[in-house]
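Student: What follows is a predicted protein model with its sequence.
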Amino acid sequence: MSLLTLSLFVAQAAPLRAQETARFAGSMFSGQQTTQQPAPSSNNPPPATGAPAQGPQTASPTQSQTQQSANPAAPAQGQQPAQPAVPPTAPADTSLPAPQAPAQSAPAQPQPGAPGGQVQSPVGPPAPGRESVPVTPDARLNVPQVAPDFRAEEGPFPALERVGVDMGEQRALSVREIIQMALENNKDIEVARENVRAAEFDLQAARGVYDPRFQTNSYYERTETPAASFLSGTSSGSVTQTGFFSTSSVQGLTPRAGGGYRVDFVNNRVTTNNLFAALNPQYPTSLTFSYTQPIFKGRDFDQNRRQIEIAKKNLSLTDVQFRQRATDVIIAAQRAYWDLVYALRNLQIQREAVRDARQQLEHNRRLVAEGMLAPIDVVAAEAQISGFEQSVYSALDDVGRAENNLKNLVAENRAAPIWNVSVVPVDPVDLTAPAANLADSMQAALKNRPELSSSDVAREINEIEQRFAQEQTKPQVDLVASYGMIGLAGPQTSSTGANPLTAQNAQIRQRINELSGIAGLQPLPEPTVQQLPGELVGGEAQSLTNLALNRFTNFRVGVTVNLPFRNSTAKAQYGRTLVDAERIRTQREQLEQLIQVDVRNALQQLHTSESRLRAAASARSASEQQYASEQRKLDAGQSTVFLVLERQTQLATARGNELRAQTELNKAIAELQRATGNALEQNRVEIRVR
């Protein structure tokens, strides 16, 4: 039987692998005959030895028949170097007859009809039990021909270069350093931090409604009014008045009781051509205090206080959201860190698998040279190498993705130097899960979870809305009061005291007095103008003095009532706030239930990850033992290359599964920190807003 025929036959008839391998060792070279021992069991096959013939030879097809299966195969043409076969390990069953040493034959001569002018070795009569089934020509054509000295080109070992990363520059980072960098540079954290600052400014703006507001209005005015009366005080037909007017006011709201105040100050200078003006120019001044106090609606709670209280709660909410975002970043950083750990170590495992496969290839080549394996087994080992190299490239791609995800969390911007270096995790994986039970974990979660704090803030905001809406259902009754002081001064218009009403009758009064003197009567008395008080004569300073001395005042007090009928809008808004309170209460219960599910899942994941780690470690240890055992069996001729390569693949998979279980355990620990809400405390992180 030829080399290729035996290799395919062994792969297809698994129960006869050990038996056919022993046959191959005795009949792989032409001109040799071996005797076959009856195999008592498939686990302990009999050994076989063979000695090669001298010179180039080809193996001619033979017939063999077993008790379990018969597979036709075509011979492979090629040259086999003359090397002695390595005998396999002796079987444990010593009761069987020992195998006979093969007889050495003379060099074979070329036979007519042999393909390629090659020689065919003469075939002696088959040993008992060695009769084979005839091989059909069609089956012979479907089998590829592999030369015994076949060698495939070996490519370079897969490189570790990653795009945009200088492999010569490495940066070792621990989990805590990653968390610190993420909290300092992560964009989501920066946005959350700015949201807190924005909420602080919103609160400051809401409180600014109580800041006093100053307002002033100054202008020059000239008016000319036509005279429509004989007593208009002018003879030109119009009264002209010019003046400089200045009005200033300060108004604001009181933080308590919902009242509002206003202070107005007036300071004018007026000049007129009115003859009746005793002071010209005049300097009128005034200072007025006004206050409005709600009696029912708006006294206990109003719109301004509502805005301030909501701004306070929103600030608390942004603090909670900042803690939530910081927790999410910490958990994401830990996950990304352990993903990179897994990716790097998985890359190492895949590279080790390539090295093991190359060692197996060299081992297979030695066995082929010794006559223990067929050349097709070399091809199988090379295919195994190619498959493992593909896994290396896939693992390298996973490393690049995991590293970029981690850098995205910790990099300050796209030009940060960390993008160009190779990140090397230095923290070892935790192989022991922390002690945790459901009761303590639930208690910690209900105390620390930011979602519950957000729900509390939403409930408090709803209580504020209820209070304000209930206040709006009251009638609006305001008490209004004002008190004013007035000042006035100016130069007096006539120093002689002439009365403008009697100035036109001065000549008549003079004639009457003359006639009265002739008649011996007393003359008419001269009418005098009533003199102004001395405190009114002066300038602007005198007017302000009169204002400050409170010589002239005014006072007013009253009530303003605004009562809408039915007040349906306010009542509807109050009812809406009550409905919102029920909704928030229901959402709170739902949130607590979801947190319970979250904690249960996190604990289950932690326990499962710990169990998976133990199972994966056991599976990896067993795979190593199976692989080593299968290699020894192959050397002894009791196994096949297919099984060895299968064990090799299983070992690489088991190592990867163990590594995955280790990193998943650490990720489960981080998930439990998130579920219980103590990620900040566990990682010794203190939240401060800059």
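Tutor: Here it is on my side, so go on.
Student: So which residues of the chain form helices?
Tutor: Ranges of helices in the chain, per DSSP state H, are 3-12, 17-27, 137-141, 175-185, 187-207, 303-369, 375-410, 438-448, 450-472, 506-518, 540-548, 568-635, 641-676, 679-682.
Student: just the ones you listed: most buried one?
Tutor: Greatest average neighbour count among those goes to helix 17-27 (a mean of 25), per mean count of other Cβ atoms under 10 Å. Any C-beta I mention is one placed from the backbone N, CA and C, and that applies to glycine too.
Student: returning to what we had before: go through the helices of the chain and name the closest to residue 425.
Tutor: Evaluated over the helices of the chain, closeness to residue 425 peaks at helix 303-369, with 4.8 Å, by Cβ to Cβ.
Student: Show me what that closest one is packed up against.
Tutor: For helix 303-369, the packing partners by 3 or more Cβ pairs under 8 Å, 6 or more residues apart in numbering; DSSP states H and E come out as helix 175-185, helix 187-207, helix 375-410, strand 421-425, helix 450-472, helix 568-635, helix 641-676, helix 679-682.
Student: thinking again about what came up before, among the helices of the chain, which is nearest residue 480?
Tutor: Closest approach to residue 480 among these is made by helix 303-369 (19.0 Å; Cβ to Cβ).
Student: just checking, residue 488 touches residue 545?
Tutor: No - the criterion here is Cβ atoms under 8 Å, and residue 488 misses it with residue 545 at 10.8 Å.
Student: Can you list the low-confidence ranges for the stretch 151-300 of the chain?
Tutor: 151-159, 229-235 (pLDDT under 70).
Student: So which residues of it form strands?
Tutor: Along the stretch 151-300 of the chain, counting by DSSP state E, counting those that start in this stretch, strands occupy 166-173, 213-226, 238-253, 260-272, 285-294.
Student: Compare those and give me the one nearest residue 307.
Tutor: strand 238-253 (11.9 Å).
Student: I'd like to know which elements that closest one is packed against.
Tutor: strand 213-226, strand 260-272.
Student: at 10 Å instead, please
Tutor: strand 213-226, strand 260-272, strand 285-294 (3 or more Cβ pairs under 10 Å, 6 or more residues apart in numbering; DSSP states H and E).
Student: Mean neighbour count and distance to residue 686 for those strands - can I get that in CSV?
Tutor: Listed next are the helices and strands packed on strand 238-253 as CSV, based on neighbours: other Cβ atoms under 10 Å; distance: least, Cβ to Cβ, whole Å:
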stretch, mean neighbour count, distance to residue 686
strand 213-226, 10, 41
strand 260-272, 17, 44
strand 285-294, 18, 45
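Student: would you list those in CSV and tack on distance to residue 505?
Tutor: Converted to CSV, those look like this (distance: least, Cβ to Cβ, whole Å):
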stretch, distance to residue 505
strand 213-226, 26
strand 260-272, 24
strand 285-294, 37
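Student: For residue 354, which of those strands is the nearest?
Tutor: Nearest of the helices and strands packed on strand 238-253 (Cβ to Cβ): strand 213-226, 78.9 Å.
Student: Can you name the residues that contact residue 195?
Tutor: Applying Cβ atoms under 10 Å, 6 or more residues apart in numbering to residue 195 gives the contacts 314, 315, 317, 318, 319, 321, 322, 325, 689.
Student: between the residues you listed, which is closest to residue 612?
Tutor: residue 325 (31.0 Å).
Student: How about the contacts made by the closest one?
Tutor: Applying Cβ under 10 Å, 6+ apart, we find residue 325 in contact with 183, 186, 188, 189, 190, 191, 192, 193, 195, 318, 450.
Student: can you list the residues you listed in CSV and add distance to residue 675?
Tutor: CSV is the format used below for the contacts of residue 325 (distance: Cβ to Cβ, whole Å):
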residue, distance to residue 675
183, 20
186, 21
188, 20
189, 21
190, 26
191, 24
192, 21
193, 25
195, 25
318, 23
450, 12
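Student: out of those residues, what pair is the most spread apart?
Tutor: Top of the distance list for the contacts of residue 325 (Cβ to Cβ): 190 and 450, 18.3 Å.
Student: got the phi/psi numbers for the closest residue to residue 607 other than its chain neighbours?
Tutor: Spatial nearest neighbour of residue 607, excluding adjacent residues (Cβ to Cβ, 6 or more residues apart in numbering): residue 433 at 7.2 Å. Main-chain torsions, residue 433, degrees, to the nearest 10: phi -80, psi 140.
Student: quick one: low-confidence ranges for the protein?
Tutor: Counting by pLDDT under 70, the chain has low-confidence residues at 1-159, 229-235, 494-504, 527-530, 688-690.
Student: per-domain residue ranges of it.
Tutor: Using automatic domain parsing, the domains assigned to the chain come out as 1-93+101-133, 187-191+305-466+569-682, 215-294+476-492+535-562, 493-531.
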